[in-house]
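**Q** only the shape, not the letters, is given here:
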């Protein structure tokens, strides 16, 4: 059974001014996917495609307009507040920006302890031990617990964010662009830590990124978002070797390669020529595509640009 | 033949703890006509500062401490500020990372592209406006004449970067310095802007000094590459050699840190970049290096030539085979 199942998630924002209502904007439009227990599932797309909105709606950090989010067989969107609080112990998030996602006025030990204290777990002394354990787990010296976030580098802060996220022993972790603000060598360190934690703690992970290279490295399945919808969903290797949707094909063609002899030819993508109305169709086992034109069959597989 | 731009033993410093702390050490590079040199490194490596120093734009209180910067053989570090102003924009164009920060929000795009032409006395106002539209067409701005009348906030990020490139090219410089020009853009737009830069380079006979942290951009654009670490060039050579036989352990580590080539964990470099105020005595990479020897702690190794095409600042360079 899937650990998380998202069905027809929709989020509308009211446009207009104080005096006049405009037409609502659909930030998310019928987003559906499911994540198996223990899986690393990727969500990719460009800025504004709805990746982060999806993450926030799943955790009900913002309230979706319509749809369902089933977590371990329970509808998160229908959960009353007290129950939602309990559910959040199991569903955690790491944010993109390690400079703004940690309270600058709290010591890092307190930042990591906060979720334990809020949920009333353990005594003050046992929480202190747990914080030391968590800091060690993410590769930080427990002796640094009294330091403030500004004393740490971006990579170290992201480790603090990870320690806070796993403090409550969640079963599900959303990592929203967890390494995009970091340098290449630090990015690799944090990515490795995320993979280690996921495997050691048996986490199920929703990994959000705009960089397709990261998703290819980390995830077993991927969904591609475009203008608030999923246009393609497949096993990572299938998506990268045989993308079917014209938008996915254009995205993949733009991925920079670590080989000066590869000169990728740009794949033009014409947004006007693409319909988002059709329902997803399964073109190969586990490979879902939204037909680009109404009534048309999903495009032919393109060879991998590599 | 004299290279177009020659930087020789450049050092840049910032005041800290009551003294001038060098953050760029002993950087020597040269760029030939129509050539693309990529300066690659992580934050704090000194790559942007080197590019700024080449324009004599090191932000105060920082200062160029020594070295030489020659454009077509002419020393730029000793000329008057007035003469330097005539070089900036006219002979060397510059494009920055954040296009929204580099554009003036209260001037139209057309006026901003026309500005350098007027300032450098290349054209009158009316003529310069017409040229601005032609430049916008050259950078493939859709509906150029209408966009010239727009203000920066009316443009997308990719269009703003095109407008900045148009402004940088207005006076037909021989060299364009671009500092992370596509980092803030989505992948598809990034690829378009990089392709545009290559086309413009051919069309205008431009040399390009491209500062980037992304080895994917390097692979796509560079003829030659200089890798910087902790203020020094640690490896320099042709782009092909860099990717097929990287010589410096740091370069190898960076390549191994690139995601998307495998699955799961990456072969990351352990540790962090040293603080400029407490640099290791020898090689700055020694504390993180898997191939360190006792000798690495004694002195900063020289940038040693491996063959005509590649040099590495490592005690292993030129000696032991890797």
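**A** Received it, and whenever you're ready, just let me know what you need. Computed from a prediction, not measured in an experiment: that's the story for all the values here.

**Q** C-alpha only now, for contacts and for neighbours.
**A** Noted.

**Q** any buried residues in stretch B:126-143, and which?
**A** B:128-129, B:131-141 (16 or more other C-alpha atoms under 10 Å in any protein chain shown).

**Q** can you list the neighbours in contact with that stretch?
**A** Stretch B:126-143 has contacts (C-alpha atoms under 8 Å, 6 or more residues apart in numbering or on different chains) with B:110-111, B:113-115, B:117-118, B:144-145, B:147-148, B:159, B:162-163, B:165-167, B:169-170, B:196, B:200.

**Q** nearest to residue A:228, of the buried residues of stretch B:126-143?
**A** residue B:141 (26.8 Å; C-alpha to C-alpha).

**Q** which regions of chain A lie under the pLDDT threshold?
**A** Chain A contains residues with pLDDT under 70 at A:294-306.

**Q** how about the residues of it by chain B?
**A** A:46-47, A:183-189, A:191-192, A:195, A:210-218, A:250-251, A:254-263, A:266 (C-alpha under 8 Å from any C-alpha of the partner chain).

**Q** in helices only, show me the residues you listed.
**A** A:184-189, A:191-192, A:195, A:212-218, A:250-251 (DSSP state H).

**Q** are any of the residues of chain A next to chain B buried, and if so which?
**A** By 16+ other C-alpha under 10 Å, these give A:46, A:183-189, A:191-192, A:195, A:210-218, A:250-251, A:254-260, A:266 as buried.

**Q** show me the helices in chain B, by range?
**A** Going by DSSP H, chain B shows helices at B:47-54, B:81-87, B:99-102, B:109-119, B:125-138, B:144-148, B:157-169, B:187-204, B:215-221, B:239-244, B:249-257.

**Q** mean confidence (pLDDT) on the last one, please.
**A** The predicted model gives helix B:249-257 an average pLDDT of 94.

**Q** ok, and what's touching that helix?
**A** A:184-185, A:187-188, A:258, B:215, B:227, B:234-235, B:242-243, B:246, B:266-269, B:285, B:289-291.

**Q** show me which residues of chain B sit near chain A.
**A** B:42-43, B:186-188, B:190-192, B:213-220, B:239-240, B:243, B:253-255, B:257-270, B:272.

**Q** I only care about those that end up buried; give me the ChimeraX line for that.
**A** Buried members of the residues of chain B next to chain A can be picked out in ChimeraX with the line below, counting by 16+ other C-alpha under 10 Å:
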select /B:42,43,186,187,188,190,191,213,214,215,216,217,218,219,220,239,240,243,253,254,255,257,258,259,260,261,264,265,266,267,268,269
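
**Q** coming back round to it: least reliable of the helices of chain B by average pLDDT, please.
**A** helix B:99-102 (a mean of 82).

**Q** packing partners for that one?
**A** helix B:157-169 (3 or more C-alpha pairs under 8 Å, 6 or more residues apart in numbering or on different chains; DSSP states H and E).

**Q** for the helix it packs on, which outside residues touch it?
**A** B:89, B:93-95, B:99-100, B:102-103, B:109, B:112-114, B:116, B:132, B:135-136, B:138-141, B:152, B:176, B:181, B:184-185, B:189-190, B:193.

**Q** please indicate which of those residues are buried?
**A** B:89, B:93-95, B:99-100, B:103, B:109, B:112-114, B:116, B:132, B:135-136, B:138-141, B:152, B:176, B:181, B:185, B:189-190, B:193.
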